[in-house]
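1. Give me a model of this one.
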Amino acid sequence: MKIIIFGANELGLMVASALYTDNDITIIDDEHKKVDAFNKLDVGFIAGNGSNIEVLKQASIKNADVFISCTESDELNIVACLTAKRISTVKTICFVRKEEYKSSLGIAKDAEYNCDFYIDNVIWPEELLTQEIFRIITVAKALDVEHFADGRARLLEYKIIKNSILVNQMIKNCEFPKDTVIVGITRNCELFIPNGETVLHEDDKVIFMGLSNSLDILAGKFFHEKEFVKNVAIIGGGNVGLKLAKSLENLKLNLKLVEKDSARCEYLSQVLNKTLIINGDGTDLELLNEEDIVSSDVVVSVTNNDEKNLLCSLLVKHLGASRVISRVSKRTNVELFEKVGIDITISSITAALNEIKNNLQETNIGILATVEQGRGEVLEIEIPENYQTKKIMELKLPVKAIVGVIQRRKRIIIPNGTTQVMSGDNLIIFTTSENAPVIRKFFEEIE
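-> A predicted model of the protein is given here:
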């Protein structure tokens, strides 16, 4: 597939790095904006402005399959995508940073008021980031939360703590509730697919899939006792902090939001009805103590600066906060945040990459989610109508993967090895990102 990316910044680099091995990639941008790491990738580069018709022609826009615009300017991204669409049939993907461009302008393909040419997909990474943080906050002690099949099935990730009854137990002996299954374990930063003989260790991060009500029983039995999230503190009142607070207000939680800029605090106090707005610095120890920030069930640091998020997170962790979620803008910082003990790090880039990958899919296989910073993937696979029924154990998958959920019409099934896979089924499969291409190819070739 031929893909043109307008934007030689860090976001463009992340997109190109994820796609260049299987696609023909051309980057457009001014030479001085080019991130040095592009030189390590097998991609083409054209100096110029991606909204210029002549530059687009030079990049062979008419022969391209996808045009992605991800510069620092929303307006430039929009103009570039509309220009590309005007002179070609290319699929366009536009990154924006302002909510009004995502929701108000009739530029997206599915907008209520459309023009003769449009943008196929508008991605607002901060919206994806906020949605992911919201899902995690609402489940006590969870490190990651994903919903499938209209919420009837879920993925939950938990860390096994020191005194857990699960420590040193084989999975087959753990007596987990029916309709739940462990699909992945991260140990020492390595994600692997377990089996019944796998022994669980302290500090393992364990990924479960199953029916939502069964996972609730599992969580209450092994990871918390009648514990609900009641108090949330947010550090940073920017777009993400504001949107997150608005969503959480609907859950009737006790909310505190710390914002350094006084003018922004005035605005926040006008648009938020049930949130205590605190004008102060999230790195101020005295303020954190006075406002009792660390007594919150969850503290979320979502400023637009990685270094400040790290410092805020470390401070509240040091003061005794039980659960800390931190926003990370640069994917290269994710490992650092994890190594110094931040409970949960969330990157908007990972969610955005999922959106792009799904838009590139031309088969019956999609990516529902990634976990552990992209180390694992949840794939959705539609079984063709002419498929001959087989038991899961008879599939003979070429690499390690687990069929976690089967959606059969209105039924949701948590399968085992003897469960049959039938034509028309939707399979939700968990595997490592390394093995995901092999699984996709295997199911693309089945009859």
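2. separation between the residue lying closest to Val405 once chain neighbours are set aside and Lys400?
-> Leaving out its chain neighbours, the residue that sits closest to Val405 by Cβ to Cβ, 6 or more residues apart in numbering is Ile428, at 3.9 Å. Just so you know, the C-beta spots here come from the backbone N, C-alpha and C atoms, and that holds for glycine as well. Distance from Ile428 to Lys400, counting by Cβ to Cβ, to the nearest Å: 16 Å.
3. ok, the two, which is more surrounded?
-> For Ile428 versus Lys400, neighbours defined as other Cβ atoms under 10 Å are more numerous around Ile428 (24 against 17).
4. Could you identify the helix or strand that succeeds the helix or strand harbouring the more buried one?
-> Assigned by DSSP states H and E, Ile428 belongs to strand 426-432. For strand 426-432, the following helix or strand on the C-terminal side (DSSP H and E) is helix 436-444.
5. What is that following helix packed up against?
-> Packed against helix 436-444, as judged by 3 or more Cβ pairs under 8 Å, 6 or more residues apart in numbering; DSSP states H and E, are the following elements: strand 365-371, strand 376-382, strand 426-432.
6. so can I have TSV of the ones you listed showing distance to Ile346 and mean pLDDT?
-> As requested, the helices and strands packed on helix 436-444 are exported to TSV (distance: least, Cβ to Cβ, whole Å; pLDDT from 0 to 100):
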stretch	distance to Ile346	mean pLDDT
strand 365-371	12	85
strand 376-382	15	93
strand 426-432	20	96
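7. Would you format the ones you listed as JSON lines with distance to Lys62 included?
-> Listed next are those as JSON lines, based on distance: least, Cβ to Cβ, whole Å:
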{"stretch": "strand 365-371", "distance to Lys62": "28"}
{"stretch": "strand 376-382", "distance to Lys62": "32"}
{"stretch": "strand 426-432", "distance to Lys62": "36"}
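8. What residues does the nearest residue to Ile193 once chain neighbours are set aside make contact with?
-> Excluding its sequence neighbours, the residue lying closest to Ile193 (Cβ to Cβ, 6+ apart) is Lys400, at 4.0 Å. By Cβ atoms under 8 Å, 6 or more residues apart in numbering, the contact set of Lys400 is Phe192, Ile193, Thr431, Thr432, Asn435.
9. Phi, psi for Lys400 please.
-> phi -70, psi 130 (degrees, to the nearest 10).
10. From Leu427, how far out is it?
-> 15 Å.
11. Identify all contacting residues around the strand holding Ile428.
-> 148-149, 153, 155, 183-184, 191-193, 207, 209, 368, 375-383, 399-408, 421, 439, 443.
12. how does it look with 6 Å?
-> 148, 183-184, 191, 376, 378-382, 401-407, 439 (Cβ atoms under 6 Å, 6 or more residues apart in numbering).
13. In terms of helix, strand or coil, where does the residue nearest to the spatial centre of the chain fall?
-> Centrality entry for the chain: nearest residue to the mean C-alpha point is Ala351, 3.4 Å, by Cα atoms, centre = their mean. Put simply, Ala351 is helix when judged by DSSP: H, G, I helix; E, B strand; the rest coil.
14. Show me what Glu377 is bridged to.
-> With beta bridges defined as DSSP bridges, Glu377 has these partners: Thr370, Thr431.
15. Verify the stated contact: it with Asn435.
-> No: here Glu377 lies out of contact with Asn435, judged by Cβ atoms under 6 Å, at a distance of 8.6 Å.
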